[in-house]
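J.: just the structure for this:
(2 chains)
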2 protein chains.
Amino acid sequence: MSTIQDTIHQMGRQARAAAYKLAQLTNAEKNTILKAMAAAIRESAPILLDANATDLAAGEAKGLSAAMLDRLRLDEARVEAMATGIDQVAALPDPVGLVMEAWERPNGMRIEQVRVPIGTIGIIYESRPNVTADAAVLCFKTGNATILRGGSEAIHSNLAIAAALGTAGAPEHAIQLIPFTDRESVAALAGMDQWLDLIIPRGGKGLIETVVSLARMPVIKHYDGICHLFVDKGADFNMAVSLTVDAKTQKCGVCNALETLLVHRDIAPAFLPQVAAALRAKNVELRGCEETHAVLTDIVPATEQDWRTEYLDLILSIKTVASLDEAVDHINTYGSHHTDTIVTADVATAERFLREVDSACVFHNVSNRFADGGEFGFGAEIGISTDKLHARGPMGLRELTSYQYRIRGNGQIKGAR
Amino acid sequence: MSTIQDTIHQMGRQARAAAYKLAQLTNAEKNTILKAMAAAIRESAPILLDANATDLAAGEAKGLSAAMLDRLRLDEARVEAMATGIDQVAALPDPVGLVMEAWERPNGMRIEQVRVPIGTIGIIYESRPNVTADAAVLCFKTGNATILRGGSEAIHSNLAIAAALGTAGAPEHAIQLIPFTDRESVAALAGMDQWLDLIIPRGGKGLIETVVSLARMPVIKHYDGICHLFVDKGADFNMAVSLTVDAKTQKCGVCNALETLLVHRDIAPAFLPQVAAALRAKNVELRGCEETHAVLTDIVPATEQDWRTEYLDLILSIKTVASLDEAVDHINTYGSHHTDTIVTADVATAERFLREVDSACVFHNVSNRFADGGEFGFGAEIGISTDKLHARGPMGLRELTSYQYRIRGNGQIKGAR
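T.: Residues are numbered from 1 along each chain as shown, chains lettered A, B, ... in the order given. Model (predicted):
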């Protein structure tokens, strides 16, 4: 075993021991510690900004892009936002200990299905240092021990944040940050399924792919959002334009933003010019299929690749479809099963769309941008899962728990059968 | 791409297409097909027995053990049991379409969390041919398409069973059996996460390990059951003996059978001889720690390895512990987080045990043997998961579903923030 692997396995053992202690904390005990964590972040602001300055200087020297430097940057407002976020998590209800179901069997044994922490969670992330606090705190609130592995660009900031969190009175090793940032540390983390119950990669597709290939334990993935909005022939045009513009332009660099607009053939000649004008007023570049191009003759022709692209930019691909069936088929084939919307006044058509589109979130007459834990009322979000197992769509605190069956009886035996 | 990989990827594409059709079937439609499947199994009995005779002859020629040949063997009663099992699944309630939660947000959008099929499920199993029908039918009932990959010993039986199921009117490719039995077919199946949403390996530890190393999609694992029963100082001796004997001997080759007995030090001198006599009357070999050995001087000393062993046989390891803490610590360290029991009249001690033992099923004054989907009232069981994500403990039909958020509104946009 290499030194790195050895160190990380030792952290794994420590995380497991911490997890057993965390699982026994009451919500009040956890909240006291969370509030102390928020205070520690506020008090450590000068130290955090100092450490961040070191990272920023190194990043500039390495020639990081302006966007990457911005993601890396902490300032007083961002430190305060981190602390406020922790206070907000403290105020949320704790799912641990909730009885999900309870029933009695004919032999008199009483079965309870109770929410419990998952145990130990690894978080692998890239440049944003605030993930160190955000992810660790959500895991802590739900009684899980975390092992964090951030990117090399933010290592000084991450170490400073983890050190601040560590002064708040949490059980030892409840939150551990891996001091290594090479690939070997990802491999070591992903391989130790005896100590780690779950890995959540937070970052780009390349990072997620790497973790998926290496991981022996479950991985909850937050892949691309190739999201659609289908304007049915029964749509109110004004609502359809408003929802399209909102879904595409309200914030275009996020996973629930619109990437492909589908328009029913029967209304395409009338609707396309109207929606195109509204989108162009917001500087959106349009790319269309042949049939769309016949109406909007001045747009860029879309290629097969466009239907598979998450632009995360002010670009929208448009396809004219012959029917609901074609729309559903296109979404299920080219989409990323994230968030898709139908706009129509026809309830039967809408209900078929909601049932037949195989995505985490399906909307009727609502902007795709509402696919979000905050908008759903979860209070906090660890991400939007594109998986189907355990957690699908926006993940709140509840999705950071497992369950256990607790059975109470008075001597029941199975006996001779 | 090799021919095998090519064929299996083609099956994956077909499974995905079938899954979309399956997801739209009503419970009544699925039940009609399930009843036709049961009838087809009954009608095909002579063909199934013929195919099975070919497998048995090959198995005998290969020198398979008597136990393996028995697992492989079909007879009229076993074929009838397969058919009856299908009829029973048809009679169960269908979880698909159930609204798990529904709420309205301040902006008026109404959110529903609805159970939907997972999609496509791969089942990799070993010698028992009845798994072909059992697993496929549970997946079918929950609207999932299955790709089955059975062991080489049972290939003729498996093909005959799959052929019979295929005559019952299910959507094309709803149930597909891989005609290859080499390791390459496992690797191909485990690698195609674009077509397969979940793999469930059903078999020994070696098979599960192989699948875990290769799989890119989630795997639900059914690992060993190293199950414990802790007799606390507050236990009723007669109940403790009765539960110990039941958990160890009612059926010893199963995952919820008892493997290690923990006895509180304060009662060890009085209790151990009583439980030892009852276990010996059932021909159980006892192995004990040093302190246990001081009371039961004629038993075999237990080694470190004994605490980590799932005997699946009439052997029981016994450890004397100083406290509840030591019992919990031993279980969490050496157990497999499957099913553990405390026997005590002291409710506070019992409640601490239930909260602190990190296992799928924890029992108070009930035999470990009740950790079972049937005993829980699930009606059918695909296995007992030792995972913590998605499904933990006995897995019924509900655990073969995912969910989807369906949101209905009237034009809600996120707008300027």
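J.: what packs against the helix ranked longest in chain A?
T.: Assignment by DSSP state H gives helix A:3-23 as the longest helix of chain A. Helix A:3-23 makes packing contacts with strand A:110-117, strand A:120-125, strand A:145-149, strand A:175-177, helix A:183-191, helix B:347-356 when contacts are defined by 3 or more CB pairs under 8 Å, 6 or more residues apart in numbering or on different chains; DSSP states H and E. C-beta: built from backbone N, CA, C; applies to glycine.
J.: starting at the chain centroid, how far to the first one?
T.: When distances are taken as CA atoms, centre = their mean, to the nearest Å, strand A:110-117 is centred 26 Å away from the chain's centroid.
J.: now do the helices in the stretch 51-200 of chain A.
T.: A:66-72, A:76-91, A:130-141, A:155-165, A:183-191 (DSSP state H, counting those that start in this stretch).
J.: would you map out the domains in chain A?
T.: Chain A breaks down by automatic domain parsing into domains covering A:3-221+A:394-406, A:227-371.
J.: export the ones you listed as TSV, with columns for mean neighbour count and mean pLDDT.
T.: Output for those, formatted as TSV (neighbours: other CB atoms under 10 Å in any protein chain shown; pLDDT from 0 to 100):
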stretch	mean neighbour count	mean pLDDT
domain A:3-221+A:394-406	19	96
domain A:227-371	20	97
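J.: export those domains to CSV and append columns for distance to B:Val219.
T.: Putting these into CSV (distance: least, CB to CB, whole Å) gives the following:
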stretch, distance to B:Val219
domain A:3-221+A:394-406, 8
domain A:227-371, 20
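J.: now the helices: where do they sit in the stretch 251-400 of chain A?
T.: Assigned by DSSP H, counting those that start in this stretch, the helices in the stretch 251-400 of chain A fall at A:268-280, A:290-295, A:304-307, A:324-334, A:347-356, A:373-376.
J.: so which of the ones you listed is nearest chain B?
T.: Closest of these to chain B is helix A:347-356, at 4.6 Å (criterion: CB to the nearest CB).
J.: report the contact partners of A:Leu354.
T.: A:342, A:362, A:364, B:406, B:408 (CB atoms under 8 Å, 6 or more residues apart in numbering or on different chains).
J.: which of those fall within strands?
T.: A:342, A:362, A:364, B:406, B:408 (DSSP state E).
J.: ok, now how distant is the second one from A:Ala350?
T.: Going from A:Val362 to A:Ala350 by CB to CB, to the nearest Å gives 10 Å.
J.: now for these two: what residues contact both?
T.: Residues touching both A:Val362 and A:Ala350 (CB under 8 Å, 6+ apart) are A:Ile342.
J.: residues in the stretch 51-200 of chain A within reach of chain B, list them.
T.: Applying CB under 8 Å from any CB of the partner chain, one finds that the stretch 51-200 of chain A approaches chain B through A:103, A:105, A:109, A:111, A:116, A:118-119, A:193, A:197-198.
J.: any chance of these in JSON lines, plus distance to B:Ala57?
T.: Shown next, in JSON lines, are these (distance: CB to CB, whole Å):
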{"residue": "A:Trp103", "distance to B:Ala57": "48"}
{"residue": "A:Arg105", "distance to B:Ala57": "44"}
{"residue": "A:Met109", "distance to B:Ala57": "46"}
{"residue": "A:Ile111", "distance to B:Ala57": "46"}
{"residue": "A:Val116", "distance to B:Ala57": "50"}
{"residue": "A:Ile118", "distance to B:Ala57": "49"}
{"residue": "A:Gly119", "distance to B:Ala57": "48"}
{"residue": "A:Asp193", "distance to B:Ala57": "41"}
{"residue": "A:Asp197", "distance to B:Ala57": "46"}
{"residue": "A:Leu198", "distance to B:Ala57": "47"}
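J.: out of the residues you listed, which is nearest to B:Gly374?
T.: Set against B:Gly374, the nearest of those by CB to CB is A:Arg105 (10.5 Å).
J.: for the residue nearest to that closest one when sequence neighbours are not counted, give me the pLDDT.
T.: Once flanking residues are discounted, A:Arg105 sits nearest to B:Gly377: 6.1 Å by CB to CB, 6 or more residues apart in numbering or on different chains. At B:Gly377, the pLDDT value in this model is 93.
J.: A:Arg417 now?
T.: A:Arg417 is assigned 53 on the pLDDT scale.
J.: ok, now how distant is A:Pro171 from A:Ala391?
T.: Applying CB to CB to A:Pro171 and A:Ala391 gives a distance of 25 Å.
J.: over to A:Ala416?
T.: Note on A:Ala416: its distance to A:Ala391, by CB to CB, is 43 Å.
J.: ok, the two, which is more surrounded?
T.: A:Ala391 (23 against 6; other CB atoms under 10 Å in any protein chain shown).
J.: which residues of the stretch 251-400 of chain A lie near chain B?
T.: Taking CB under 8 Å from any CB as the criterion, the stretch 251-400 of chain A approaches chain B at residues A:251, A:332, A:350, A:354-356, A:358-367, A:369-371, A:375-377, A:387-390, A:392-394.
J.: now do the SS call for A:Ile208.
T.: With DSSP: H, G, I helix; E, B strand; the rest coil as the basis, A:Ile208 sits in helix.
J.: that one against A:Ile220, yeah?
T.: No - judged on CB atoms under 8 Å, A:Ile208 makes no contact with A:Ile220 at a distance of 9.9 Å.
J.: apart from its neighbours in sequence, what residue is nearest A:Glu285?
T.: Nearest residue to A:Glu285, sequence neighbours excluded (CB to CB, 6+ apart): A:Ile315, at 4.6 Å.
J.: and the gap between the one you found and A:Ala247?
T.: Distance, A:Ile315 to A:Ala247, using CB to CB: 13 Å.
J.: do the same with A:Ala61
T.: From A:Ala61 to A:Ala247 the distance is 40 Å (CB to CB).
J.: try A:Glu43
T.: 41 Å.
J.: over to A:Leu214?
T.: Noted for A:Leu214: a distance of 35 Å to A:Ala247, by CB to CB.
J.: the closest residue to A:Asn256 other than its chain neighbours and B:Gly204: what is the separation?
T.: Computed as CB to CB, 6+ apart, the closest residue to A:Asn256 that is not its neighbour in sequence is A:Ala371, at 4.2 Å. According to CB to CB, A:Ala371 and B:Gly204 sit 42 Å apart.
J.: run through the residues that contact A:Val263.
T.: Residues near A:Val263 by CB under 8 Å, 6+ apart: A:230-231, A:271-272, A:275, A:292, A:318-321.
J.: let me know the distance separating it from A:Arg308.
T.: Distance, A:Val263 to A:Arg308, by CB to CB: 19 Å.
J.: cool, A:Cys255 as well?
T.: From A:Cys255 to A:Arg308 the distance is 15 Å (CB to CB).
J.: make sure A:Leu229 is actually in contact with A:Thr344.
T.: No - between A:Leu229 and A:Thr344 there is no contact under CB under 8 Å: 11.1 Å.
J.: show the backbone phi and psi for the closest residue to chain B within the stretch 151-300 of chain A.
T.: At 3.7 Å from chain B, A:Asp246 is the closest residue in the stretch 151-300 of chain A, using CB to the nearest CB. With angles defined as degrees, to the nearest 10, A:Asp246 sits at phi -60, psi -50.
J.: before we move on, back to that, including distance to A:Ile147, could the contacts of A:Leu354 go into CSV?
T.: What follows is the contacts of A:Leu354, written out as CSV (distance: CB to CB, whole Å):
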residue, distance to A:Ile147
A:Ile342, 42
A:Val362, 35
A:His364, 41
B:Arg406, 36
B:Arg408, 40
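J.: closest one to B:Ala36 among the helices of the stretch 251-400 of chain A?
T.: Ranking the helices of the stretch 251-400 of chain A by proximity to B:Ala36 (CB to CB) places helix A:347-356 first, at 24.6 Å.
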